[in-house]
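# below: sequence and its predicted model.
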Amino acid sequence: MIKHCLERDGLLIAPVTREDLFQIWLWYSDVERYKLATGLDRPITFAEMRDKYIEARCSRWEFFFKVVEKRHGIMLGVVKGRVHYLLKDEAWISSILIDEAYQGAGIGQMVVSMLEEYFRDVWLIRWLYAGVVASNTAGLQFWRSMGFSEVRKTRYQIMLDDKPEDIIIMAKNLEYGSCLPCACADF
């Protein structure tokens, strides 16, 4: 698991620890609020949450970060993803979840901005990707506001509420600060 810590303006992004799992499990289990962030439409068991953590911890290419308001030590959310281990110039954010009580305060924007800077400057990542459920209009608007553009749609990628959902792949070129044509746009 990627183990760097990032800090800016009182916000800390740090690797998830075992002690964090209970709170994260509560978020992942609250499917009515967070299913579009997690891609899960059913509550998961704590053992399944632990398995997600162990899977990320065992891979040097994955990240599973907690987002913490540093002054009071309050965990505000989590972000999960991976660096593409073959191409090594791509990173993917598979999930970003900010607690409902803190949404709309710019925390998600700050998290993505911090990750963009980190992956560009430390890992030399050129492309940052995010997958968004096509029916998640607020999520699509969020990524567009961050300079991401749609590069492709995968049909019926996941099931939510017993209904197949498309996933929109959003991308941003970190070298130029906006999405320029990229190889994946041809898929």
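Yes, it's here.
# what helices or strands is the helix of greatest length in the chain leaning on?
In the chain, taking DSSP state H as the definition, the longest helix is helix 107-121. Applying 3 or more C-beta pairs under 8 Å, 6 or more residues apart in numbering; DSSP states H and E, one finds that helix 107-121 makes contact with strand 6-8, strand 11-15, strand 74-83, strand 90-98, strand 127-133, helix 137-145. The way it works is simple: take the backbone N, C-alpha and C, and place the C-beta from them, glycine included.
# quick one, which of the ones you listed gets closest to residue 175.
Proximity to residue 175 (C-beta to C-beta) singles out strand 127-133 among those, at 8.8 Å.
# next one: the worst-scoring helix or strand of the chain on mean pLDDT to chain centre, how far?
Across the helices and strands of the chain, the lowest-confidence element by mean pLDDT, DSSP states H and E is strand 149-160, at a mean of 85. Centroid separation for strand 149-160 versus its chain: 16 Å, with C-alpha atoms, centre = their mean, to the nearest Å.
# go through that strand and flag the buried ones.
149, 150, 151, 157, 160 (16 or more other C-beta atoms under 10 Å).
# sorry, back to before: can you list the helices and strands packed on helix 107-121 in TSV and add mean pLDDT and mean neighbour count?
Formatted as TSV, the helices and strands packed on helix 107-121 follow (pLDDT from 0 to 100; neighbours: other C-beta atoms under 10 Å):
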stretch	mean pLDDT	mean neighbour count
strand 6-8	97	14
strand 11-15	98	19
strand 74-83	97	20
strand 90-98	96	21
strand 127-133	95	22
helix 137-145	96	15
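# pLDDT weak spots in the chain?
Under the criterion pLDDT under 70, the flagged ranges of the chain are 85, 87, 156, 177-187.
# on that earlier part again, give me the buried stretch members for the helix or strand just after the least confident helix or strand of the chain, please.
Remark: after strand 149-160, the chain's next helix or strand is strand 163-173, criterion DSSP states H and E. Neighbour-count burial for strand 163-173 flags 165, 167, 168, 169, 170, 171, 172, 173 (criterion: 16+ other C-beta under 10 Å).
# burial of the closest residue to residue 22 other than its chain neighbours, as a residue count?
Nearest non-adjacent residue to residue 22, counting by C-beta to C-beta, 6 or more residues apart in numbering: residue 46, 7.5 Å away. Neighbourhood size, residue 46 [other C-beta atoms under 10 Å]: 13.
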